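Participant: sequence unavailable; structure follows:
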């Protein structure tokens, strides 16, 4: 794997993490504001379904972006050349519990979604 490819892949994964952070920070409060101030819990069924669909697809998108970026970091670590494997950062990245991070990403996106759906249909 060429160094240029590794640099562009790392930069791409970092950009996806930043995108997911912005989406999470903007989407969750916006949905909560819509639910609370728009009285969505008391609204007609089509309005509830529209807000729920927005929450489901928005949060699912965040998870997929974060999961893909983590998988790319994991793949870059596994595909390191001998020279890159000697670097401290590569050795530390190989020790990371990538499956645990995936579980955390599911929880960090799934719990807010569950709470939002409970607020809508509660």
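Facilitator: Looks like it came in fine. What you see is a predicted model; the values in this text were computed from it and never measured.

Participant: centre of the chain to the worst-scoring helix or strand of the chain on mean pLDDT, how far?
Facilitator: Among the helices and strands of the chain, helix 82-85 carries the lowest confidence by mean pLDDT, DSSP states H and E, at a mean of 82. With CA atoms, centre = their mean, to the nearest Å as the basis, helix 82-85 stands 29 Å off its chain's centre.

Participant: what packs against it?
Facilitator: Under the contact criterion of 3 or more CB pairs under 8 Å, 6 or more residues apart in numbering; DSSP states H and E, helix 82-85 touches no helix or strand at all. To be clear about C-beta, it is placed using only N, CA and C from the backbone, and glycine gets the same treatment.

Participant: check which residues of that helix are buried.
Facilitator: Within helix 82-85, no residue is scored as buried using 16 or more other CB atoms under 10 Å.

Participant: other residues contacting it?
Facilitator: Helix 82-85 is contacted from outside by 6, 90, 91, using CB atoms under 8 Å, 6 or more residues apart in numbering.
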